[in-house]
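> fold the stuff below for me.
(chains A and B)
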Amino acid sequence: MINRFFFLLIGLFSFSSVQLFSKEVPTFDLDTSQLPTVKALQIIDPSLASIEVVENRYGISMSGTFTRTVGINGFPGVVISPDGFVVTTAKNMEDALRINVIVANKRYTASLAGSDKFNDVALLKIDNPDTLFEAASFADSDKLTQGQTVIAVGRPLPNQQAATRGIVSALRDYFLPNGYLMPNMIQTDAHNFTFNRGGPLIDLTGKIIGLMSFSVQENQGTPQYLSTSVLDLNFATPSNIVWESVYKMMQGEEVFHPWVGLGLRPLDDTLAIYANIPEEYLGKSGVMVQDVDPNSPASRQGLSRGDIILGMTRVRRLYNGEENTSEEIVSTPLELAGLIRDSHPQDTLGFVVLRSGEVEEFLMSPEDRPVEALPGTV
Amino acid sequence: MNFKSSLFVLFAVSFFAFVFGEDDPKWVENVNTSVQSTVTVTAGGGDYAGDKSGFVLGGGSGSIVTPEGHIVTNCHVMGWGKQRWAFIRLNDGSVEDAKLLFNNCKIDVAILQIVPEPGEEGKVFPYVKFGDSDEVVAGEQVYAIGNPGDSSNFTMYKDFLLKNTVTAGSVRDRVLSPQLVNRMLGGNGAIGGTSTVWDYGTELSHTFDTDATINGGNSGGPLFDENGFQVGVNFAGSSMLEGQNMAIVSNDAKKTLFDTIDHGRVIYPWLGLYVFIDRMTLEWSDEIGIQGRNPLGGGMGAFGGREAWDRASDTFTRQARNKVKTPFEVFDVYPESPSYKAGLRQGDKILEIAWDMNEDGKITKSEMKMPKDAFEARFWIRGLDKNIKVILSVERNGQIFNVPVVLGEQPGEGQFAGGTL
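Sure, this is the predicted structure:
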């Protein structure tokens, strides 16, 4: 009994004293392997790949690989399946003809299995895998919260890992540098460097939540005076879109990007007055057509600049032959862009348009977005 | 399993919880509520509410700080006070008109109030709560919310406005010399040399130096501590020196807010002594080889980047501390100021200060205290109220005597540069 009491005293004393003391100067060695960021990096580490472009359409590289920066051997990528599918951004794999992938310090030849330029996702397949790879897993990017910690990882050299930490600054629809509107982009303040551009953005569980895609400097929408001085406004393609795109490419299918060719702008009060909009429509709904791509369904069906779109109807043919009709009123460009994005190639879209005081409907089917589409059109 | 081992387990658990904390930072649960009260401020409302023909001169962020719709933003967001109205874009997408109540360029804070549309009087807005910025220590985690970009181009594709961007970092330091900040921003020329407000930034007591990223458009936006209390107002950053961002401490902003609500203006207590700034800055700029009154104006990277900046600011701080050490000299006394009336003259040296303390109507005298330097004396004086009696211990021609002075109110904008006590 006395013995136990003695231990109790000693225990309490040491407990409280260390607690007080630890607030001042920690005298113990920090077990870094228990830090959340370190744990996440350890999970992703075996799946990180370094991608070398040996030959592109301009020729064979003199130094063995084409890179953006001297001293960095390859582009970052991540292995997503045990049989050797590797994901990176489409911009990194532009013009690539002959590719090597280095995983776990071993070099393999690889081929481009598919490239989705608009979602900025490229899929590589390792040609002769001699082992099963450790694949990274995807997290649900719809469950992200503003402010949570994220880490951008890359592998600039075969045996080197480079990581920068940040938070989710915002989740928003945003235009890519190629003029394509991407939904739910992850905006982060983790630094975007050459060595992690195209690499995975992971959460603290070590799962992929996105692919580091671009930073604001590269975006054409940035005003000139801001583009030279902005910092840490970086964007990552959300994992759900990456997965959707990768899944199609794995099946050998093309990824369909619905497009009708409309450049839109919000209809604010000032604009509404200039556009002579009847009073019954004021302030309720409406999006103004700013541009129409000349080779688009919208242009062919007669939509023109200055039209005001009040709403959209959609007729969808189901597999059993039935038709499903829906009607939506739109009040912001992003709303309308979202409706167009959700459409299928076989759908018939009807745009309810206010033109010189009269309401008309224009019917068309969405097409796959061409590469030369007018930037900013949806 | 005995007491010893179970206690060890207990200890280990609490130890890990203390050192490593939660997996995600504490603020994640607070970000949502903080975002609700952060607004986009577009100055350029012209001269009356709803005047949308106004030329957009400025824009930035702001935070709603009372349920009645008072907004704290930056003076330079409001076109240095030239703009009397602003459009406020709330987080829910609605647009409101706001009137400029008071523009305090001395600390780069402007107070606006939302004027609800007819029929919506008495509307209650989501608001942030102020924290005590004096409690914030170096190394503390903070997050900033703002709207980088500009909204002057309304085409969907070209519209570059990243609403409600959250960036995180930690407080690196308190910058104790407000004049340093002033000089950093270009001194009497202010940001980018476009301002004509020549007392810009002179009344800042401290600023926070953080590495939470601030871009153009973040100006006026709130800086929160981990618990979601506003501890700062972001007002400056540098693209040349990455991670060198400045925030006004919230206690300064709070004083301006409360004074504005109570009196319609901000009241700074004032002795009328000119003690430290200009002569010193001139000497300093001579020493580091830069001519003129604007040693660091026009971009901090112009002088060799970070190293030169560090060297310059070290020199400045060291000199400032040495030159204004107690007893510090009075360079000048403003005519008609409380000190002049009390008989203080140029060349006097201040040794000690005491003041009356008013506790529930009972007035007691404090002990004579010796400030470290003029900066500390100024900090004490700014903590007092107008009409409080202060006793100065003054040295003149080798003689020491006490002079009672009743604090006055520092006269209005644009007349007095920094360095007054």
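> which residue is it, in chain A, that comes closest to chain B?
In chain A, no residue comes nearer to chain B than A:G376, which is 2.8 Å away by CB to the nearest CB. For the C-beta atoms, the positions are set from N, CA and C on the backbone; glycine is no exception.
> how close does that residue get to A:G179?
5 Å (CB to CB, to the nearest Å).
> and these two? which has more neighbours close in?
Between A:G376 and A:G179, A:G376 has the larger neighbour count (other CB atoms under 10 Å in any protein chain shown), namely 22 against 19.
> now the strands: where do they sit in the stretch 301-421 of chain B?
B:328-329, B:332-333, B:349-359, B:362-365, B:389-396, B:399-406, B:408-409 (DSSP state E, counting those that start in this stretch).
> out of the ones you listed, the one nearest chain A is which?
Nearest to chain A, of these and by CB to the nearest CB, is strand B:349-359 at 33.3 Å.
> can you name the residues that contact the residue nearest the centre of chain A?
Centroid-nearest residue in chain A, with CA atoms, centre = their mean: A:T237, separated by 0.8 Å. Going by CB atoms under 8 Å, 6 or more residues apart in numbering or on different chains, A:T237 touches A:T89, A:N119, A:D120, A:V121, A:M182, A:M185, A:I186, A:G210, A:L211, A:S213.
> scan the residues you listed and report the most crowded one.
A:L211 (32 neighbours).
> can I assume that residue is in contact with A:N196?
No. Counting by CB atoms under 8 Å, A:L211 stays clear of A:N196, with 10.0 Å between them.
> how long is stretch A:342-351 from one end to the other?
Stretch A:342-351 stretches 15 Å from its first residue to its last (CA to CA, to the nearest Å).
> domain map for chain A?
The record's domain parsing of chain A by automatic domain parsing lists A:44-126, A:141-240, A:258-368.
> same question for stretch A:197-217, mean pLDDT?
For stretch A:197-217, mean pLDDT rounds to 91.
> now do stretch A:95-115
pLDDT averaged over stretch A:95-115 gives 91.
> residues contacting the closest residue to A:N240 other than its chain neighbours?
Excluding the flanking residues, the one nearest A:N240 by CB to CB, 6 or more residues apart in numbering or on different chains is A:S141, at 4.7 Å. Listed by CB under 8 Å, 6+ apart, the contact partners of A:S141 are A:N184, A:I186, A:I209, A:G210, A:P238, A:S239, A:N240, A:I241.
> burial measure for the first one, as a count.
As a burial measure, the neighbour count of A:N184 was computed by other CB under 10 Å and equals 16.
> helix or strand for it, which one?
In the assignment (DSSP states H and E), A:N184 maps to strand A:181-188.
> one more: the last one?
Counting by DSSP H and E, the element that carries A:I241 is helix A:239-250.
> just want the angle from that helix to strand A:181-188.
Calculated by axes from the mean of the first three to the mean of the last three CA atoms, to 10 degrees, helix A:239-250 forms an angle of 130 degrees with strand A:181-188.
> quick one on the thing from earlier: and the strand holding A:N184, anywhere near chain B?
Yes. Strand A:181-188 is in contact with chain B by CB under 8 Å from any CB of the partner chain, via A:Q187.
> and the contacts of that strand?
Contacts for strand A:181-188 (CB under 8 Å, 6+ apart): A:118-120, A:141-142, A:144, A:150, A:152, A:166-176, A:201, A:209-210, A:213, A:233-238, A:240-241, A:337-338, A:341, A:376, A:378, B:162, B:165.
> mind doing that once more with 7 Å?
With CB atoms under 7 Å, 6 or more residues apart in numbering or on different chains as the test, strand A:181-188 has contacts from A:119, A:141, A:144, A:150, A:166-176, A:201, A:209-210, A:233-238, A:337-338, A:341, A:378, B:162, B:165.
> same question, stretch A:334-349
With CB under 7 Å, 6+ apart, stretch A:334-349 has contacts from A:173, A:181, A:183, A:256, A:258, A:260, A:264, A:287, A:309, A:312, A:314-317, A:328, A:330, A:363-366, A:378.
> try 6 Å
Stretch A:334-349 is contacted from outside by A:173, A:181, A:258, A:260, A:287, A:312, A:314-317, A:328, A:330, A:363-366, A:378, using CB atoms under 6 Å, 6 or more residues apart in numbering or on different chains.
> which parts of that stretch are buried?
By neighbour count on 16 or more other CB atoms under 10 Å in any protein chain shown, the buried set for stretch A:334-349 is A:L334, A:E335, A:L336, A:A337, A:G338, A:L339, A:I340, A:R341, A:S343, A:D347, A:T348, A:L349.
> out of the residues you listed, which is nearest to B:V330?
A:L334 (61.9 Å; CB to CB).
> since that was my last question, I'll sign off now.
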